[in-house]
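# next comes the sequence, and after it the predicted model I'd like to discuss.
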Amino acid sequence: MPDSLESQQPQDDTVFPPGVAFIDGRYTTMDQAKIPVLDWGFLRSDATYDVVHVWQGRFFRLDVHVERFLASVAALRMTLPVGRDELERILHSLVAKAGLQDAYVEMVCTRGHSPSFSRDPRQARNRFLAFAIPFGWIATEEQRARGLDVHVAPIPRIAPESVDPTVKNYHWLDLVMGLYSAYDAGRENVVLTDGAGNVTEGPGFNLFAVRDGKATTPGRGVLQGVTRRTALELLAELGIPAEAAPLSVEALKGADEVFLTSTAGGPMPITRLDGRPVGDGRPGPVTAKLTALYWDKHRDPAWTTDVDYALAG
């Protein structure tokens with residue numbers, strides 16, 4: 001290799017968020033957390049992941065996120081190099097070492113690659129990595145206060161017969177192109193359809209529509225998000241009927257209220273669809289009650305796990 005090769009490389013001025021990563025058995029800064037270019041997680045989106053958040057020093061529903069992650073790994077016929085107890089210890093350590101009180105914590109398993117570069121996925125050595133960075137919202141403070149303006153894109157979500165949406169994955173090109181269609185239309189975010197007149201989900205969030213006091217969330221072709229599950233449980237606690245069922249574009253646009261749910265912020269109102277107001281164009285009472293209860297649960301030991309900051313050392 002020529003000695004001058006390194007000097008020919010452009011300087012990398014990428015800015016990374018503060019945080020800590022765990023990869024290949026060691027902890028490192030975010031800028032040093034890298035995978036080989038031959039990893040199938042990079043080359044083929046052959047990976048699964050999950051995200052749990054920390055709020056005021058507590059994980060929210062850590063057990064549910066870990067259970068879903070382990071189920072996804074098994075569904076893709078991968079094997080984690082760590083057990084559940086070690087996995088949870090790593091997640092605690094990441095937050096503690098990063099010194100974060102509010103965090104976004106992601107765990108990932110990639111297919112890895114075969115030592116002999118075989119195309120047989122059974123010969124690949126799976127890779128586990130995780131990281132903790134400061135908590136980030138899917139919507140700005142101003143958007144959360146007034147409600148988002150969302151585009152209903154005609155782009156169909158990847159069919160569940162092709163890629164199981166209940167296994168959290170990085171197959172996002174349909175969502176990304178949907179975002180571009182939303183931006184082109186002057187909207188702030190997007191929800192995709194299923195090609196049969198029903199809505200599915202958006203990039204990183206599930207959707208709920210409220211009509212005559214009853215909430216509906218799409219039941220097929222979507223990730224069964226932990227925040228979606230939490231919303232269904234909390235709506236039941238509030239005595240508000242809710243179900244997972246087909247939700248047509250027509251029904252969505254005729255709803256009294258619409259809101260999204262995401263680990264990156266919980267329930268958040270959608271007050272305009274394709275520029276037209278939902279209901280009276282303001283966040284509705286069901287959304288407000290659910291949001292208040294959701295954040296109240298972040299102080300409830302039955303729903304949260306204290307971060308073990310003693311693992312910072």
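Looks like it arrived, so ask away. Numbers count the residues shown, from 1 in each chain.
# tell me the SS of residue 73?
Using DSSP: H, G, I helix; E, B strand; the rest coil, the structure places residue 73 in helix.
# quick check: it touching residue 47?
No - if you go by C-beta atoms under 8 Å, residue 73 and residue 47 don't touch, sitting 9.9 Å apart. In short, each C-beta sits where N, CA and C put it, glycine included.
# could you pull out the helices in the protein for me?
For the chain, applying DSSP state H gives helices covering 5-8, 40-43, 62-75, 84-98, 141-146, 173-184, 226-237, 249-253, 285-296.
# quickly list the domain ranges of the protein.
For the chain, the TED database gives the domain ranges 20-134, 141-298.
# distance to residue 310 added to those domains, as JSON lines?
Shown next, in JSON lines, are the domains of the chain (distance: least, C-beta to C-beta, whole Å):
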{"stretch": "domain 20-134", "distance to residue 310": "7"}
{"stretch": "domain 141-298", "distance to residue 310": "22"}
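# ok, which of the ones you listed comes nearest residue 308?
The closest of the domains of the chain to residue 308 is domain 20-134. By C-beta to C-beta, the value is 4.4 Å.
# and that closest one, average pLDDT?
Domain 20-134 shows a mean pLDDT of 96.
# okay, the domains of the chain in a markdown table with mean neighbour count next?
Shown next, in a markdown table, are the domains of the chain (neighbours: other C-beta atoms under 10 Å):
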| stretch | mean neighbour count |
| --- | --- |
| domain 20-134 | 18 |
| domain 141-298 | 18 |
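# residue 305: which of these is closest?
Between these, domain 20-134 lies closest to residue 305; by C-beta to C-beta that is 4.3 Å.
# chain center to that closest one: distance?
Relative to its chain's centre, domain 20-134 lies at 14 Å (C-alpha atoms, centre = their mean, to the nearest Å).
# do the same with stretch 291-310
Centroid displacement of stretch 291-310 relative to its chain, using C-alpha atoms, centre = their mean, is 19 Å.
# endpoints of it, how far apart?
Taking C-alpha to C-alpha, to the nearest Å, stretch 291-310 runs 32 Å from one end to the other.
# and if you look at stretch 79-86?
Start-to-end span of stretch 79-86 (C-alpha to C-alpha) is 14 Å.
# list of residues touching that stretch?
Outside stretch 79-86, the residues that touch it by C-beta atoms under 8 Å, 6 or more residues apart in numbering are 66, 70, 73, 87, 90, 109, 126, 128.
# and which of those is nearest residue 221?
residue 73 (21.9 Å).
# show me the beta-bridge partners of the closest residue to that closest one other than its chain neighbours.
In this structure, residue 73 finds its nearest non-sequential neighbour in residue 109, 5.0 Å apart by C-beta to C-beta, 6 or more residues apart in numbering. In this entry, residue 109 is beta-bridged to residue 48, residue 128, by DSSP bridges.
# residue 109 contacts residue 50, doesn't it?
No - with contact defined as C-beta under 8 Å, residue 109 does not count as touching residue 50 (9.4 Å).
# list the residues that contact both of these two?
With C-beta under 8 Å, 6+ apart as the test, residue 109 and residue 50 both reach 69, 72.
# which residue is the nearest non-sequential neighbour of residue 192?
In this structure, residue 192 finds its nearest non-sequential neighbour in residue 157, 4.3 Å apart by C-beta to C-beta, 6+ apart.
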